[in-house]
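K.L.:
For reference, the sequence and a predicted model appear below.
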Amino acid sequence: MAETLAKTAPSRTPRHVVHVTEAPLGGVVTYLEELLSAQIAGMPDTQIELLTPEVNREALAGLEGPNFKMIAFPHRRGSKADLMRLGWRVIRHLRRTRPEILHIHSSFAGAAIRALAPLIPRGTKVIYCPHGWAFSRRGSKRMQEGVARVERALSRVTDRIICISDYERQEALHAGIAPEKLSVIDNGVSQRSGIPAPEPKAEDAPRLIAFAGRFDEQKGYDTFLEVMRLLGDEARAIAIGSAIVSADELPELPDNVQLLGWQPRDKVYALYAEADLLLVPSRWEGFGLVAVEAMQARLAVFASRVGGLQDIVVDGETGRLFTPDDADQITAMIRETSDAQLRDYGEAGYRRYLSRYTAARMAREVGALYAALLDEGAGRS
């Protein structure tokens, strides 16, 4: 479906699109920054709105234009009451403004809003992007099966589900979601100019390893720290991100790791330009946008063999793939890879980024999907 959309020029452009998420910071917010930037510029006659938690306002401050409005609201991550309030807030907004497209991002927002599907105006097409299936995350088999049942039920009141990688589509099919509901549109990032060139390093200088993301179980933050303990004086690391809920239970920090907290994206790219490799030890990922960002900066990526990361990173060509949680294996891979190999991985990754993961390509495919759904006729199926 994605290939068909990419080759088809949109025959109809929506007049009004509403995006919604409850996700705080991280990959979903980066995705929204890229997609909405392209839509604001490329769809000047379309009113584009984003409903998002207040915590994301600063990170998305660069989104601006006469056809764009951000509506920020207070939201506590993990609060069932706030999630219910989000659902009703969105329904009231939809019934007041009656957009042609409702584009929902992340699992919790997807559940809270689609559970109220009978109240969504009939002329509004509903698109849902989970950004990583909740039933693919760690947990009991009973929990995973329960979440899959909910997603199957909610898919019936959804016009289309955007899978951000082919892996995510395969997971959906395995969970019993109908194939005609699914479209694969790979994530993308815009090509950045002015990324600083790294300064020459002394031959005996320790390698610099980058980490970017939430300091939590999903992102494998504890594995990252264990790798750095094992490397000791052989490497140093800079980690950009933070704990979303609480930093009280974070593992003890090794001496060779520096934490910077959340940073604007130009600071992230400055780190990528300086680093020798990006380490992505995630335990589950729908996609893995930081890997594409690093490839755009010609940085080698060492990542877990999970989720969409398996589609992005070509093992032995643009970086290395490893078993999640295996700090010894990761450490050995880093030690056995030469500086010349790291540079070659970075160059190959950049070429792969240009061919598959640009924001312009992503925006074109999303626009073509909007047009295809609108061409099917008014109202939801």
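P.N.:
That came through fine.

K.L.:
I figured Glu151 hits Tyr128, correct?
P.N.:
No: the criterion here is CB atoms under 8 Å, and Glu151 misses it with Tyr128 at 9.3 Å. Yep, even glycine has a C-beta here, placed from its N, CA and C like the rest.

K.L.:
Settle it for me: which of the two has more neighbours?
P.N.:
Taking other CB atoms under 10 Å, Glu151 and Tyr128 do not tie; Tyr128 has more neighbours (27 against 24).

K.L.:
element containing that one?
P.N.:
Using DSSP states H and E, Tyr128 falls within strand 125-129.

K.L.:
Which parts of the stretch 1-150 of the chain are strands?
P.N.:
Assignment of strands within the stretch 1-150 of the chain using DSSP state E, counting those that start in this stretch yields the ranges 16-21, 47-53, 68-73, 101-105, 125-129.

K.L.:
Parallel or antiparallel, which strands does the fourth one pair with?
P.N.:
Strand 101-105 has the following sheet partners, assigned by DSSP bridges: strand 16-21 (parallel), strand 125-129 (parallel).

K.L.:
Could you dump these into CSV with mean pLDDT and distance to Ala270 added?
P.N.:
Converted to CSV, these look like this (pLDDT from 0 to 100; distance: least, CB to CB, whole Å):
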stretch, mean pLDDT, distance to Ala270
strand 16-21, 98, 27
strand 125-129, 98, 29
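
K.L.:
Buried deepest among the ones you listed, which one?
P.N.:
strand 125-129 (a mean of 25; mean count of other CB atoms under 10 Å).

K.L.:
So what's the gap between it and the chain middle?
P.N.:
16 Å (CA atoms, centre = their mean, to the nearest Å).

K.L.:
now what about it, what contacts it?
P.N.:
100-106, 110, 114, 117, 120, 154, 157-164, 369-370, 373-374, 380 (CB atoms under 8 Å, 6 or more residues apart in numbering).

K.L.:
Make a PyMOL selection of the buried ones in those.
P.N.:
Buried residues among the contacts of strand 125-129 (16 or more other CB atoms under 10 Å), as a PyMOL selection:
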select buried, resi 100+101+102+103+104+105+106+110+114+120+154+157+158+159+160+161+162+163+164+369+370+373+374+380
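
K.L.:
Got the domain ranges for this protein?
P.N.:
Recorded structural domains for the chain (assignment: automatic domain parsing) are 2-190+358-375, 207-356.
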